[in-house]
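Structure for this input, please:
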Amino acid sequence: MATMKTISQSKFNARKANAIANELVRKEINLSEFTVINNETIQIDGKSIHLNSHAFAKLLSRLRIPKAFANRFMDQFGPNGLSQLVQMMKTAKASKNDQTITLLVNPNTKEVIDVLPQGYASISNESFVNFAERYIDNYNLNVTQFGSDSNGGVSINCVAPNTIFKIPGMETEVFNSGVTFTNSPTRGLEVSPYLSRLICSNGMSSTAFSENFGLHTFSDKNI
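Numbering: from 1, shown residues only. As a prediction, this is how the structure comes out:
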């Protein structure tokens, strides 16, 4: 009979350590505190910091510069012309409302990979895993998957062992309820309950009736 495969406590601990190690560095900074050098570099306190293409696009968004306009401007005046425009827009915006943004930095590559609003989705991976562990322990959940990625995201998938049931005529399949805990720099902490259907003895499964509850910011309303 097909059964759900779970991971051991030792693997869980190892993957928890890896998730914490992969956490992105967050730096909140005012618009007035950095200079745009080009579409790949900003300068903070005289130190050059590399931005990937996604982060530069998000910086344009924070400054309310439409992407289509930026592309047309670069076609006409080149990358240097665009960086001068962005620096000018940033300076003008900072003089009126020196807002704070959050830079997400990959600690391994030392580059900015995203630019978010102040205080957005700021739950650490360690706090996230501790949060998930409380529910795993309280409800005796079985962990079937636990993974993290280089962009700081973490996902823990669990099934509830006491809810396994079968349907007449489908004896080779196993149904049970479960929940997925995820945390990412751009979406924050999310809890997604679902119904799992194990359809093959090799571990292939599908989900249905899933829902999603997210904590994306720490505002009173959101909490």
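
residues near the residue nearest to residue 124 when sequence neighbours are not counted, how many?
Spatially, and ignoring its direct neighbours in sequence, residue 124 is nearest to residue 23 (6.4 Å; C-beta to C-beta, 6 or more residues apart in numbering). Using the backbone N, CA and C atoms, a C-beta is placed for each residue, glycine as well. Residue 23: 17 surrounding residues under other C-beta atoms under 10 Å.

hang on, residue 23 packs against residue 125?
Yes. Counting by C-beta atoms under 8 Å, residue 23 does reach residue 125; the two are 4.6 Å apart.

Quick check: neighbours shared by those two?
Contact criterion C-beta atoms under 8 Å, 6 or more residues apart in numbering; residues shared by residue 23 and residue 125: residue 152.

hang on, the earlier thing: the residue nearest to residue 124 in helix, strand or coil?
coil (DSSP: H, G, I helix; E, B strand; the rest coil).

Return the residues in contact with it.
Here residue 23 is in contact with 107, 124, 125, 126, 152 (criterion: C-beta under 8 Å, 6+ apart).

change it to 7 Å
Applying C-beta atoms under 7 Å, 6 or more residues apart in numbering to residue 23 gives the contacts 124, 125, 152.

for residue 38, same thing?
79, 80, 83.

OK, contacts around the residue nearest the centre of the chain?
Geometric centre of the chain, nearest residue: residue 184, 2.0 Å, by C-alpha atoms, centre = their mean. Applying C-beta under 7 Å, 6+ apart to residue 184 gives the contacts 152, 153.

what about the helices in the chain?
Secondary structure of the chain by DSSP state H: the helices cover 9-21, 53-62, 67-96, 125-138.

Out of these, which one sits most buried?
Of those, the one with the most neighbours on average (mean count of other C-beta atoms under 10 Å) is helix 53-62, at a mean of 18.

how far does it sit from the chain's center?
Computed by C-alpha atoms, centre = their mean, to the nearest Å, the chain-centroid distance of helix 53-62 equals 16 Å.

cool, and stretch 34-54?
Averaging C-alpha positions (C-alpha atoms, centre = their mean) puts stretch 34-54 22 Å from its chain's average.

Can you give me the buried ones in that stretch?
34, 36, 38, 39, 40, 41, 42, 49, 51 (16 or more other C-beta atoms under 10 Å).

before we move on, what about stretch 100-110?
101, 102, 103, 104, 105, 106.

closest to residue 17 among those residues?
For the buried residues of stretch 100-110, the residue nearest residue 17 by C-beta to C-beta is residue 106; the value is 18.1 Å.

what's near enough to touch the residue lying closest to that closest one once chain neighbours are set aside?
Leaving aside its sequence neighbours, residue 106 sits nearest to residue 113 (C-beta to C-beta, 6+ apart; 5.3 Å). Shown in contact with residue 113 (C-beta under 7 Å, 6+ apart): 52, 54, 55, 104, 106, 151.
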